[in-house]
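K.L.:
Structure for the following, please:
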Amino acid sequence: MTILNVGSVNRDRVLRVPHFPQPGETLQALSASVGLGGKGLNQSVAILRAGGSVRHVGAVGEGDAGIREALRALGLDLGFVTGVAGVETGSATIFVDPEGENLIVLDPGANLCIPDALVARAVADATPGDWLLFQNETNQAAGCARLARARGLKVACSAAPFVASRIVPLLEDVDLLSVNAVELDQLLAALGGTDHLPAGLALLVTRGAEGAEYRHGDRRVRVDSRRVPVVDTTGAGDVFLGVFLAETDLGRPVEEAMRRANAAAALQVGRNGAVEVIPLAGEIDGLLDAAP
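P.N.:
Numbers count the residues shown, from 1 in each chain. Predicted coordinates:
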């Protein structure tokens, strides 16, 4: 099976700062680095490195040969990654404080210009029963969910950045919704309570240091976060979802998929960066073998 990921591709600039800037304050960064990111790309790489099969569907600036080469070096299939004239590849400026928490400002760029025809072609090329994953960082959320449902694909939505007016109308076309605890509260407030969630919708709820939970009907599967030194939380939620989907698609039970996703997220927060430090399946195995 294959996971089709209609997702963002960003060039990240990461600034480590002594504290997050206040209005009117000018800070000198402790360090600066440039790498790859975007929720979509993070999730695609996490799926790939966990052993899953993924095809990324997205857009970059038309003349951005450097980003294409970087994506190719990651091992991604670029058959559904297109160049768009007149815009730049998406970018993010990420501030990271000494506790590893982050503050992110996005310039979506080409991520808001993914052509309808490209998505339609990618979905038509998929096999019924495959997964389609999408986030709220591109222009394709509603369109790709409807196409995927009509094609017989299972649909997963990473509901960030969370905007209730965009997410709520899509829920009937979604099988798995990934949110953090704050986003879940916002979603339930917009719906008027848990009783208004679609009956067949599964939820994957990440809670930072408090772990994560899978909910489907009356079923609850919870994992506690591993107590590890936190260097940088950038991409940890994306890694959790990507690994969970990969493991689920490989046929692992939900409990095992949660356990492996939790280990992957623990490895991620102990490292500086996003895409370039996403753990491999062997590293996940090593952490699970080394500790309960």
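K.L.:
distance of the residue lying closest to residue 100 once chain neighbours are set aside from residue 182?
P.N.:
The spatial neighbour of residue 100 that comes closest, neighbours along the chain excluded (CB to CB, 6 or more residues apart in numbering), is residue 230 at 3.9 Å. The way it works is simple: take the backbone N, C-alpha and C, and place the C-beta from them, glycine included. Distance, residue 230 to residue 182, using CB to CB, to the nearest Å: 18 Å.
K.L.:
hey, which helix is longest across this protein?
P.N.:
Longest helix in the chain by number of residues (criterion: DSSP state H): helix 254-269.
K.L.:
Next, the buried residues of that one.
P.N.:
Buried residues in helix 254-269, counted by 16 or more other CB atoms under 10 Å: 254, 257-269.
K.L.:
Quick one: mean pLDDT over it.
P.N.:
Within the predicted structure, the mean pLDDT of helix 254-269 is 96.
K.L.:
what about the strands in the stretch 51-200 of the chain?
P.N.:
Secondary structure of the stretch 51-200 of the chain (DSSP state E, counting those that start in this stretch): strands located at 54-61, 80-84, 90-96, 102-107, 131-135, 154-158, 176-180.
K.L.:
what angle separates the longest one from strand 131-135?
P.N.:
Right, strand 54-61. Orientation of strand 54-61 against strand 131-135 (axes from the mean of the first three to the mean of the last three CA atoms, to 10 degrees) gives an angle of 30 degrees.
K.L.:
I'd like the average pLDDT over strand 54-61.
P.N.:
When the per-residue pLDDT values of strand 54-61 are averaged, the result is 98.
K.L.:
ok, now which ones touch the residue nearest the centre of the chain?
P.N.:
Compute the mean C-alpha point of the chain, and by CA atoms, centre = their mean the closest residue is residue 238, 3.5 Å away. Going by CB atoms under 8 Å, 6 or more residues apart in numbering, residue 238 touches 39, 42-43, 46, 158.
K.L.:
how about the residue of the chain positioned farthest from its centre, phi and psi?
P.N.:
The outermost residue of the chain, judged against the average C-alpha position, is residue 24 (32.1 Å), by CA atoms, centre = their mean. Dihedral angles of residue 24 (phi, psi; degrees, to the nearest 10) stand at phi 80, psi 0.
K.L.:
Closest to residue 145 out of the contacts of residue 238?
P.N.:
Closest to residue 145 out of the contacts of residue 238 is residue 158 (12.0 Å), distances taken as CB to CB.
K.L.:
OK, contacts around the closest residue to the closest one other than its chain neighbours?
P.N.:
Counting by CB to CB, 6+ apart, residue 158 lies nearest to residue 135, which is 4.3 Å off, once chain neighbours are set aside. Neighbour list for residue 135: 7-8, 39-40, 43, 141, 157-160 [criterion: CB under 8 Å, 6+ apart].
K.L.:
Name the member of those with the most neighbours.
P.N.:
Taking other CB atoms under 10 Å to define a neighbour, the member of these with the most is residue 43, carrying 33 neighbours.
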